[in-house]
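[1] Pasting a predicted model and its sequence here:
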Amino acid sequence: MSLNNVKKIKIMGILNLTPDSFSDGGKFNKIDKALYHVSKMIEEGADIIDVGGESSRPGSDPISTEEEIDRVIPIIKKIKSEFDIIVSIDTVKSIVAEIAVSECHVDIINDISALSNDEKMVSIVSKFNIPVVLMHRKGISKTMQERPYYNDVIGEIGAFFEERILFATDNGIKKENIILDPGIGFGKRLEDNINIIKNLSKFEKYNLPILMGLSRKRFLGEITDEQEPEKREIETAVANLISIKNGASILRVHNIKATKKMLDVFCSLTDVKIKK
């Protein structure tokens, strides 16, 4: 794929308000710690803060709607009142999404079920006319890594995207409000994740932003034999760089500073400019 001279790249900083996320569970589930982390991510160059209250790591159990609301809504209100930053809510529950948008003025809904977990979610996105991330996931978080298999992972994800885009637009969501996420690590084997990154450009035919969430994930550790997620920063930066070259326009990451440095070096060594 030839690179355009100008690419629109956004850095999405991860704020997990969970006790059990694979990399940073329990670190930021208090308001003061969360706000400090948000201020640091913004200072380091984050364009979007993605707030999640329910872990989606392999093997995780779902939590109640009430518990998720209690985790995310007070902190999102504080973020939106104290910072001028785009905020997305990482949830599969329509009630959580509706409160986050109507009461906290959240800007994006990040639904890892691609509007399939909660039948009311599509109407919430349509009603508020805001962007939504549609992610491919095989199975549910509890069981998705129990021997996933694909005959053609790129073809199957492509067919999934086509079906979900049609479902969304048929139910009142504007196509320009859709963001696609191939779901690295969500019901994928090592070879599937590698195949997706290598062939990411095949999803550019939908003319929609592509979000990549591969930060510190297990498959990177499988490649380099690194067991500790927080020590997979080099692996993350390299995989994100290749993803950008192959069509990604939003990078969902834990380490904002490292990602910003990677983008700065990339721009300095190529003719590509990052459009904010």
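    Thanks, I have the structure now.
[2] can you map out the strands along this structure?
    Taking DSSP state E as the test, the strands found in the chain are 6-8, 10-16, 48-52, 86-90, 108-111, 132-135, 178-181, 211-212, 250-253, 273-275.
[3] And the ones you listed: which comes nearest residue 117?
    Within the strands of the chain, the stretch nearest residue 117 is strand 108-111; the backing value is 7.4 Å (CB to CB). From N, CA and C alone the C-beta is placed, and that goes for glycine too.
[4] Need the residues that contact that closest one.
    48, 50, 52, 86-92, 97, 100-101, 117, 121, 124-125, 130-135, 179 (CB atoms under 8 Å, 6 or more residues apart in numbering).
[5] where's residue 77 relative to residue 31, distance?
    Computed with CB to CB, to the nearest Å, the distance linking residue 77 and residue 31 is 10 Å.
[6] Next: residue 44.
    20 Å.
[7] what's the answer for residue 268, then?
    For residue 268, the distance to residue 31 equals 38 Å [CB to CB].
[8] Spit out the contact partners of the closest residue to residue 91 other than its chain neighbours.
    Excluding the flanking residues, the one nearest residue 91 by CB to CB, 6 or more residues apart in numbering is residue 97, at 5.5 Å. By CB under 8 Å, 6+ apart, residue 97 lies in contact with 89, 91, 106, 109, 111, 121, 124-125.
[9] quick one: the helices in this structure?
    For the chain, the helices defined by DSSP state H cover 31-44, 65-82, 94-102, 121-128, 153-170, 190-198, 218-224, 233-245, 256-268.
[10] count of neighbours near residue 43?
    Residues lying near residue 43 (other CB atoms under 10 Å) number 10.
[11] Ok, residue 259 next?
    When neighbours are counted by other CB under 10 Å, residue 259 registers 26.
[12] so what's it up against?
    11, 45, 236-237, 240, 251, 253.
[13] Buried members of the residues you listed into PyMOL, please.
    With 16 or more other CB atoms under 10 Å as the criterion, this PyMOL line picks the buried residues out of the contacts of residue 259:
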select buried, resi 11+45+236+237+240+251+253
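[14] which one of the contacts of residue 259 is nearest residue 166?
    residue 251 (27.0 Å).
[15] and the gap between the closest residue to that closest one other than its chain neighbours and residue 246?
    Residue nearest to residue 251 in three dimensions, not counting chain neighbours: residue 240, with 5.1 Å by CB to CB, 6+ apart. Distance of residue 240 to residue 246, computed by CB to CB: 11 Å.
[16] How about residue 93?
    For residue 93, the distance to residue 246 - CB to CB - is 32 Å.
[17] ok, the two, which is more surrounded?
    Neighbour totals were compared for residue 93 and residue 246, and residue 93 leads with 25 against 19 (other CB under 10 Å).
[18] so what's that one up against?
    Neighbouring residues of residue 93 by CB under 8 Å, 6+ apart: 65, 68, 117-118, 121.
[19] Now do the same for residue 60: its pLDDT.
    We have a pLDDT of 64 for residue 60.
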